[in-house]
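Enquirer: Next comes the sequence, and after it the predicted model I'd like to discuss.
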Amino acid sequence: MEIDFSKLHHNLEDKLTSKMLPHIWCSGCSLGTNLQSLVRGATLTGLDMDKEMVMISGIGCTGRASGYVEFDGFHTTHGRAIPFATGVKTGNPNLEVIVFSGDGDLFSIGGNHFIHAARRKIDLTIICTNNSVYGLTGGQASPTSFEKTTTTTTVVENLRPFNLVDLALGAGADFVARYTSAHFKILPRIIKTAIETDGVAFIDLISGCPAIYGKKNGYPTPEYMVKNFLEASVEIEVKEDGSHLLPENTMMHFDRTKGYTKIPVGIFRRQDK
Amino acid sequence: MKVQMKKQSRALSGRHLDSGNIAVAEGAIYSGLHGYYGYPIAPSTSVMERIVKRLPNLEDPGYFLQCEDEIASITSTIGCSWTRKKAMTATSGPGFSLMQEGIGLAVMTETPLVLVNVMRGGPSTGLPTFPGQQELMQAHFGSHGDYIIPTFAPWSVQECFDLMVEAFNTAEALRTPVFLLSDQVLSSLKEKFVIPEEGALEIVNRAHPGETITWKGEEISEEYVLGMNCFGEERKAFSTGLSHDESGHVDLSAGTFSRMTSRMFSKIEKYQHLLPKAVHHRLDDAEIVIVSFGSTARSAYEAVEIARESGKKVGLFRLRTLWPFPTKELEEVTKDREVIVVEMARDQLTWPVERAILRRVYYIAYPQGVIPPPSVILGKIAEVGE
Amino acid sequence: MTELPVSHNKRFDAYVVGKRSNRVFVVDRDRCKGCRICVSVCPYEALAMSTDKTDRGYFYPVENGKCTACKQCLYACPDFVLSVHKVEEVVVGGDKQ
């Protein structure tokens, strides 16, 4: 038996823009795993990546993602993935539109666009690869960087981070979930559900930046990071009185010497518009 | 004009008496507008308010959205265009400034769209309800980087309609954003104008990859304008604001960057002759040429007529395409003649004019939110005569 | 367990794996960045990092015979390096699925 090497390729190769690979992300970066989970999730919906789906990314490490996969896609200016997506969806409502961008792009410069999109309920899926840092530009603080962590623009003191689940719930998103990139076993199904939700679906996808943020703040290797995500994750228990949705119960805890210490995960809200 | 709720035609053909902003809106609808994404700002708001009434009631209804700000407006306009739909937005000075980054994205990704700037006095909040012509240079240099965007300026309500149709055709044929610079006077000035029958005017739609379209009888070559692969069609449709190759994917190499950006300039230059031409008024034997555009040109026209009555040989060169600037034509028309530039700005139109003819010109700067009256222009004509 | 057959070319390492030797586990060395996530997520300790480096300067995973083709490493890999195929899909003269 002899291997025919010309037949070897990744199982998802026909869904990848091979000429652009290997991608620019660091060794162990969560974004590659997240991108694979997105492709797997999109495949589960049965929709045609090229003719029925559009993937829009912003500026940042995550922004490069749309260039690597065979979704119709666009790489917009910083913070503007959501308005671009709104234009696409209202131009052709038959398309499933997915925004795939980072915490800085979506919630710093793009914050205003997020809350209006959540308010309007024009059908969108918004996946935030939340790694709490501006990686592409060298490691500055982001709106979700944790207090008492080190970034190039904060030394030990830092301002409170957004709790993106709380923000999304408050702004009125129809589907709100949080998982980590280490949950690659179930993320495809969560992403499929988000895409199929009629309304604004938001996933706070906790990701790691071991090369920069992790190295300075408690999870310096990719292997440790994966273990840390899984150990810190706590699946939420839905309570009758809704207390599982209180900000103190949905917020994450982080220790700059160890990494994440508590990540409440699960589906926090699920309704169709 | 009464607007009914039953299904309406895109072409409200016939004679109308209405304002420049209404004519702008109707020009867009006639051209096939699908998506309008805007934000209220004086004096452009009535464009948006007309479109919100008309767009959803068409036989092929479009989509209207009032966005959260001007940045969302321009970005959503670009997104809609990428679904092979005609899209536009309208704004004024402060909004035009906010949109500059988005405009850069539109140019770099070669996205067809029309942006209407109803100019008012600036800078900053300035004079919201008075006219200005102070975004001439911003239309060419407002965003960072080198680029050129076809920019048109109407002077009448009829031209507000006509030049909108030209703007959409230019945007589609050359795969580029296009600006229409109106001003506060035109926005609310009511005049008679005519909307032709449906199908009477050429309407251009952008080429698919490999398709050759014609515009004003001329073939648009793929060597200059790449066919546009839009979302939902065959093959991955992709683009980025980063330097990219013909497939739309990132390529930061010097060779690819030069090739692509040079072509973006050449495509405008190559088909420049198809853009709205300047109007020559009494230039054949003129000894003094007045150069202006927009509402200011109405006053300049009047000044020319009055001056001619007293025997002065004055003519008017009225720009309709501001960018690319008609350098050669202006050079020919002003040879051995004196030139007076008049505008509602401090010192903008003088730059392309002096550069075109390589000499200093006489100049009337009138940025105070009022059209310079004919008397002021006649005063300058007299000064030149001495 | 004796060493299972592995073949290489300039880009790929292909291992025949699985209880019934009916799967091929492939490592695309060109894309690997040596992050070691695959080694740490494998439930069967079937992977270890190499001692030599790829052309791009990274250590890469080597399979030791315990792989069951469970695909956990495939899903976890950030770089689209690892893939799993049925033997008949990738052998010379085999059926394409």
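Expert: Structure received. Computed from a predicted model, the values in this text were never measured in an experiment.
Enquirer: what about the residue in chain C positioned nearest to chain A, how many neighbours?
Expert: For chain C and chain A, the shortest gap (Cβ to the nearest Cβ) falls at C:Pro78, measuring 2.8 Å. Quick note: C-beta positions are derived from backbone N, CA and C, even for glycine. Using other Cβ atoms under 10 Å in any protein chain shown as the criterion, C:Pro78 is surrounded by 26 other residues.
Enquirer: and it, what does it touch?
Expert: A:Trp25, A:Gly28, A:Cys29, A:Ser30, A:Leu31, A:Gly32, A:Thr33, A:Gln36, A:Pro222, C:Lys33, C:Cys35, C:Ile37 (Cβ atoms under 8 Å, 6 or more residues apart in numbering or on different chains).
Enquirer: try it again with 7 Å
Expert: A:Trp25, A:Gly28, A:Cys29, A:Ser30, A:Leu31, A:Gly32, A:Thr33, C:Cys35, C:Ile37 (Cβ atoms under 7 Å, 6 or more residues apart in numbering or on different chains).
Enquirer: Excluding residues flanking it in the chain, which one is nearest it?
Expert: Spatial nearest neighbour of C:Pro78, chain neighbours left out: A:Gly32 (2.8 Å); criterion: Cβ to Cβ, 6 or more residues apart in numbering or on different chains.
Enquirer: Determine the three-state secondary structure at that neighbour.
Expert: Here A:Gly32 is recorded as helix under DSSP: H, G, I helix; E, B strand; the rest coil.
Enquirer: pLDDT score for the closest residue to chain A within chain B?
Expert: Scanning chain B for the residue nearest chain A gives B:Gly79, at 2.6 Å (criterion: Cβ to the nearest Cβ). B:Gly79 carries a pLDDT score of 98 in this model.
Enquirer: got a list of what it touches?
Expert: With Cβ under 7 Å, 6+ apart, B:Gly79 has these contacts: A:Pro83, A:Phe84, A:Ala85, A:Thr86, A:Gly87, A:Val88, A:Gly91.
Enquirer: again, only this time at 10 Å
Expert: A:54, A:56, A:74, A:76, A:80-92, A:97, B:35, B:37, B:85, B:87, B:111, B:231 (Cβ atoms under 10 Å, 6 or more residues apart in numbering or on different chains).
Enquirer: Closest one of the contacts of C:Pro78 to A:Lys227?
Expert: For these, the closest approach to A:Lys227 (Cβ to Cβ) belongs to C:Ile37, at 10.0 Å.
Enquirer: Distance check, that closest one against C:Leu82.
Expert: As judged by Cβ to Cβ, to the nearest Å, C:Ile37 and C:Leu82 stand 10 Å apart.
Enquirer: Now B:Ile381: closest residue in space, sequence neighbours ignored.
Expert: Leaving aside its sequence neighbours, B:Ile381 sits nearest to B:Ala307 (Cβ to Cβ, 6+ apart; 5.4 Å).
Enquirer: Check A:Asp105 too.
Expert: Leaving out its chain neighbours, A:Asp105 is closest to A:Gly58 (Cβ to Cβ, 6+ apart), at 3.6 Å.
Enquirer: same deal with B:Pro324?
Expert: B:Gln272 (5.3 Å).
Enquirer: Nearest spatial neighbour of B:Gln368, chain-adjacent residues omitted?
Expert: The spatially closest residue to B:Gln368, leaving aside those adjacent along the chain, is B:Gly121, at 7.4 Å (Cβ to Cβ, 6+ apart).
Enquirer: just checking, the one you found touches B:Gly132?
Expert: Yes. Using Cβ atoms under 10 Å, B:Gly121 is in contact with B:Gly132, at 4.2 Å.
Enquirer: So which of these two has more stuff around it?
Expert: B:Gly132 (27 against 24).
Enquirer: Contacts only, for the more buried one.
Expert: B:92-93, B:118-123, B:126, B:183-184, B:294-295, B:343-345, B:366-370.
Enquirer: can you do 6 Å?
Expert: B:Gly132 sits next to B:Met119, B:Arg120, B:Gly121, B:Gly122, B:Met344 when contact means Cβ atoms under 6 Å, 6 or more residues apart in numbering or on different chains.
Enquirer: ok, which residues in the stretch 101-250 of chain A are in contact with chain B?
Expert: Residues of the stretch 101-250 of chain A that fall close to chain B, judged by Cβ under 6 Å from any Cβ of the partner chain: A:Asn112, A:His113, A:His116.
Enquirer: what about the second one, how many residues close to it?
Expert: Burial of A:His113, expressed as a neighbour count using other Cβ under 10 Å, amounts to 29.
Enquirer: Check C:His8 too.
Expert: C:His8, neighbours per other Cβ under 10 Å, totals 13.
Enquirer: picking that back up, adding pLDDT as columns, could you present the contacts of B:Gly132 in TSV?
Expert: Output for the contacts of B:Gly132, formatted as TSV (pLDDT from 0 to 100):
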residue	pLDDT
B:Met119	98
B:Arg120	97
B:Gly121	94
B:Gly122	90
B:Met344	98
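Enquirer: Measure how buried residue 143 is and give me the count.
Expert: You didn't say which chain, so I picked chain A. Neighbours of A:Pro143 (other Cβ under 10 Å): 19.
Enquirer: wrong chain, I was asking about chain B
Expert: Using other Cβ under 10 Å, B:Ser143 is surrounded by 19 other residues.
Enquirer: my read: it touches B:Gly102, true?
Expert: No. Counting by Cβ atoms under 6 Å, B:Ser143 stays clear of B:Gly102, with 8.5 Å between them.
Enquirer: Name the nearest residue to the residue of chain A found nearest chain B, sequence neighbours excluded.
Expert: Using Cβ to the nearest Cβ, the closest approach of chain A to chain B is made by A:Gly87 at 2.6 Å. Distances taken as Cβ to Cβ, 6+ apart put B:Gly79 closest to A:Gly87, at 2.6 Å, once the chain neighbours are dropped.
Enquirer: That neighbour: helix or strand, and which one exactly?
Expert: In this structure, B:Gly79 sits in helix B:70-81 according to DSSP states H and E.
Enquirer: Would you mind extracting the C-alpha trace of that helix into CSV?
Expert: Presented in CSV, the C-alpha positions along helix B:70-81 are these (Å, rounded to 0.1, in the frame of the first residue of the first chain):
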residue,chain,number,x,y,z
GLU,B,70,-22.3,59.0,9.3
ILE,B,71,-19.6,56.4,9.7
ALA,B,72,-22.2,53.6,9.7
SER,B,73,-23.9,55.3,6.8
ILE,B,74,-21.0,55.2,4.5
THR,B,75,-19.9,51.7,5.6
SER,B,76,-23.4,50.2,5.2
THR,B,77,-23.6,51.9,1.7
ILE,B,78,-20.4,50.0,0.7
GLY,B,79,-21.8,46.8,2.1
CYS,B,80,-25.0,47.1,0.2
SER,B,81,-23.1,47.8,-3.0
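Enquirer: neighbouring strands for the helix or strand that it is followed by, and are they parallel or not?
Expert: Once the chain leaves helix B:70-81, the next helix or strand it forms, by DSSP H and E, is strand B:86-91. The pairing partners recorded for strand B:86-91 under DSSP bridges are strand B:33-38 (parallel), strand B:113-121 (parallel).
Enquirer: same for the next helix or strand after the first one, what does it pack against?
Expert: For strand B:33-38, the following helix or strand on the C-terminal side (DSSP H and E) is helix B:45-54. In terms of contact count using 3 or more Cβ pairs under 6 Å, 6 or more residues apart in numbering or on different chains; DSSP states H and E, helix B:45-54 is assigned the packing partners helix B:20-31.
Enquirer: Run the angle between the helix it packs on and helix B:45-54 for me.
Expert: 40 degrees (axes from the mean of the first three to the mean of the last three Cα atoms, to 10 degrees).
Enquirer: contacting residues around helix B:20-31?
Expert: So helix B:20-31 is in contact with B:10-11, B:46-47, B:50-51, B:54, B:88, B:116, B:157, B:160-161, B:164-165, B:168, B:182, B:186-187, B:189, B:193, B:203, going by Cβ under 6 Å, 6+ apart.
Enquirer: Next, count neighbours for residue 37.
Expert: Looking at chain A here, since you left the chain open. When neighbours are counted by other Cβ under 10 Å, A:Ser37 registers 26.
Enquirer: nope, chain C
Expert: 25.
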